[in-house]
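Engineer: quick one: sequence plus predicted model below, questions after.
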Amino acid sequence: LHGRARTSHGRAARRRQRPRCGGGGRERRMAAPLLEEGEELPRYERKHVHSCKNNNLCGLTLRQWAAFAGRYGRHFDVRTYWPRLLFLTAMAALNSLLALVEGLLYAPAIARAGLGEEAVFGI
């Protein structure tokens, strides 16, 4: 095919034609070590496990948080980031409570406010 003539067909024939690594036979070369002798592996630490500042999810209510967690919860690393998840749940509960209070206090004023004829909505 493509200028090459094949005399044998099938998977076994293709396997025989492939060059073997290390020159074939029983001799095998060891891979070069990635680390020099006496050198240690780099250590990685989990970052921002307890960081809760400037989180956009802090403004969600419990209903919104439940919908978000239901949709993306399989991607949460709960064992590592449980403090953040607990904080976001507490903030969602607080936001829900404050939304209820604001709804009770300002519902009449919101109902009285009307939209002007030239209302502009940005999407």
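Structural biologist: Looks like it came in fine.

Engineer: for the rest of this, base every contact and every neighbour count on C-alpha atoms.
Structural biologist: Fine.

Engineer: mind listing what's buried in the longest helix along the chain?
Structural biologist: Scanning the chain for the longest helix, with DSSP state H as the assignment, gives helix 78-112. Going by neighbour count (16 or more other Cα atoms under 10 Å), the buried part of helix 78-112 is 84-85, 88-89, 91-96.

Engineer: in a markdown table: those residues, plus distance to Ala119 and pLDDT.
Structural biologist: Putting the buried residues of helix 78-112 into a markdown table (distance: Cα to Cα, whole Å; pLDDT from 0 to 100) gives the following:
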| residue | distance to Ala119 | pLDDT |
| --- | --- | --- |
| Arg84 | 39 | 91 |
| Leu85 | 39 | 93 |
| Leu88 | 35 | 94 |
| Thr89 | 36 | 96 |
| Met91 | 33 | 95 |
| Ala92 | 31 | 97 |
| Ala93 | 33 | 98 |
| Leu94 | 32 | 97 |
| Asn95 | 28 | 97 |
| Ser96 | 29 | 97 |
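
Engineer: now for these: which two are most distant?
Structural biologist: Using Cα to Cα, the pair of these lying farthest apart is Arg84 and Ser96, separated by 18.1 Å.

Engineer: and the residue minimising distance to the centre of the chain, how far from Ala67?
Structural biologist: For the chain, the residue nearest the mean C-alpha position is His75 (5.7 Å; Cα atoms, centre = their mean). Separation of His75 from Ala67 (Cα to Cα, to the nearest Å): 14 Å.

Engineer: quick revisit: need the buried residues of helix 78-112 in a markdown table with distance to Ile110, can you?
Structural biologist: Compiled in a markdown table, these are given as follows (distance: Cα to Cα, whole Å):
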| residue | distance to Ile110 |
| --- | --- |
| Arg84 | 34 |
| Leu85 | 33 |
| Leu88 | 28 |
| Thr89 | 28 |
| Met91 | 25 |
| Ala92 | 23 |
| Ala93 | 23 |
| Leu94 | 22 |
| Asn95 | 19 |
| Ser96 | 18 |
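
Engineer: check which helix or strand Ala69 maps to.
Structural biologist: The secondary structure element spanning Ala69 is helix 62-72 (assigned by DSSP states H and E).
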